[in-house]
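**Q** using only what follows, build the 3D model:
(one chain, ligands or ions: 1)
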Amino acid sequence: MDIKEIKKNAKERMKDFCILCAECNGRWCAGKVPGMGGAVSGGSFQRSYEKLKEVKVAMRTLHGVTDPKLKRNFFGEELSFPAMIAPITGTKFNMGGYVSDEEYSNDIVFGAIDAGTIAMIGDTGDPNCFQVGIDAIKRANGKGIAIIKPRENSEIIKRIRLAEEAGAIAVGIDVDGAGLVTMKLFNQPVGPKTLSDLKEIISSTKLPVIIKGILTVDEAKICVEAGASAIVVSNHGGRCLNETFAPAEVLQEISQAVGNNITILADGAVREGVDILKYLALGADGVLIGRPIIWGSIGGRQEGVKVTLETFKSQLYQSMILSGADDVKNSKNFSCILYTKKV
Ligand SMILES: Cc1cc2nc3c(=O)[nH]c(=O)nc-3n(C[C@H](O)[C@H](O)[C@H](O)COP(=O)(O)O)c2cc1C
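**A** Purely as a prediction, here's the structure:
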């Protein structure tokens, strides 16, 4: 099974939910939340895509980098390359239901392991979604990460306990889900978190805690102060708030401010391996991949997820050779420095 076949299958199976546009830029699916798109006009999703596109890589081939190193340790696990699967839920109302939430969780947790990396499972208004994700992590002997919605602290801590029992590597909160439409649909209260809320959650567990959905330096600093292990610079695939900044345009300043104190992950519009290189060179330690993994699961199930990840990995390898980047661990000093140009 190759990536072409996976995408062809996904296109047939997702029908009106996603038509796998030549450029996955948030235009066709604008406003489709629930669905695959970004909120309202799709402006935040589109900006994530466009701002990453504006970042260009300086090609360099007069150097000695012939076998770049891709391995990187996150939360005590050595990953084959610095990319993890983003938490995604709601297979029926977001993707058309070709796979169930249980099947999707299984595909991503085991597909990620097959490719030498790790999946994050998500949380939504339907309690079954989180539970089937936890069950998949348990079956995988804990090789997975659970990301919980910004519910009341007591509800978050309950779910952290479930993740601990499953042996999860880490837990997290997608704090940008504070006003999500999909939670409202299920009448599940979510809301913003204060510094003391975060401290209470983080001190309730020995697991590393990831705060997902940070777009400003001040909030990145709050996460450091609260004792979080990592942040994800993300606008949730543009699904929460329209007209946000793109991760690619705020990442550098966030990394300069807190990069020595906290692990920085970033996501949004990673569509090929070179996009990972761009985020690394902008200051991330690693990335999360969202929508392409949905195509992987629907188009080829567990193997489709593995092939999708391996395709990104080999593209990253090629792009590191062609830009003189020797080791993802040195990403903060990459000499493949980027030019940001208007496209
Ligand atoms: C259909 C769909 C469902 C999602 N569900 C969740 C979720 O349950 N929890 C979460 O933290 N993020 C969720 N996200 C956001 C992703 O984790 C990720 O931040 C985003 O998709 C990355 O952008 P990309 O899809 O362009 O790669 C979802 C995204 C999509 C497209």
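
**Q** longest helix of the protein?
**A** helix 291-321 (DSSP state H).

**Q** list the buried residues in it.
**A** Using 16 or more other Cβ atoms under 10 Å as the burial criterion, the residues of helix 291-321 that qualify are 291-313, 315-317, 319-321. The C-beta positions use only the backbone N, C-alpha and C, and glycine is treated the same way.

**Q** could you do stretch 139-152 as well?
**A** Quick answer for stretch 139-152 (16+ other Cβ under 10 Å): 140, 142-151.

**Q** helix or strand for the residue nearest to residue 181 when sequence neighbours are not counted, which one?
**A** Spatial nearest neighbour of residue 181, chain neighbours left out: residue 33 (5.9 Å); criterion: Cβ to Cβ, 6 or more residues apart in numbering. Per DSSP states H and E: residue 33 is located in neither a helix nor a strand.

**Q** residue 33 contacts residue 42, doesn't it?
**A** No - contact criterion Cβ atoms under 8 Å: residue 33 and residue 42 do not qualify, at 9.0 Å.

**Q** what sits against the residue in the stretch 201-343 of the chain that the ligand sits nearest to?
**A** Using Cβ to the nearest ligand atom, residue 290 is the residue of the stretch 201-343 of the chain that sits closest to the ligand, at 2.5 Å. By Cβ atoms under 8 Å, 6 or more residues apart in numbering, the contact set of residue 290 is 86, 88, 237, 267-268, 270.

**Q** which of these fall within strands?
**A** residue 267 (DSSP state E).

**Q** ranking the contacts of residue 290 by neighbours, who comes first?
**A** residue 268 (30 neighbours; other Cβ atoms under 10 Å).

**Q** give me the nearest residue to that one, chain neighbours excluded.
**A** Nearest to residue 268 is residue 48, by Cβ to Cβ, 6+ apart, at 3.6 Å.

**Q** can I take it that that neighbour is in a helix?
**A** Yes - assignment of residue 48 by DSSP: H, G, I helix; E, B strand; the rest coil places it within a helix.

**Q** I'd like the distance between it and residue 210.
**A** Taking Cβ to Cβ, to the nearest Å as the measure, residue 48 falls 19 Å from residue 210.

**Q** the ligand next: which of the buried residues of stretch 139-152 are close?
**A** Among the buried residues of stretch 139-152, the residues lying close to the ligand (Cβ under 6 Å from any ligand atom) are residue 147.

**Q** which ones among the buried residues of stretch 139-152 are found in helices?
**A** Per DSSP H, the subset of these in helices is empty.

**Q** the ligand contacts on the stretch 151-300 of the chain?
**A** So the stretch 151-300 of the chain meets the ligand at 174, 212, 234, 236-237, 239, 267-270, 288-291 (Cβ under 6 Å from any ligand atom).
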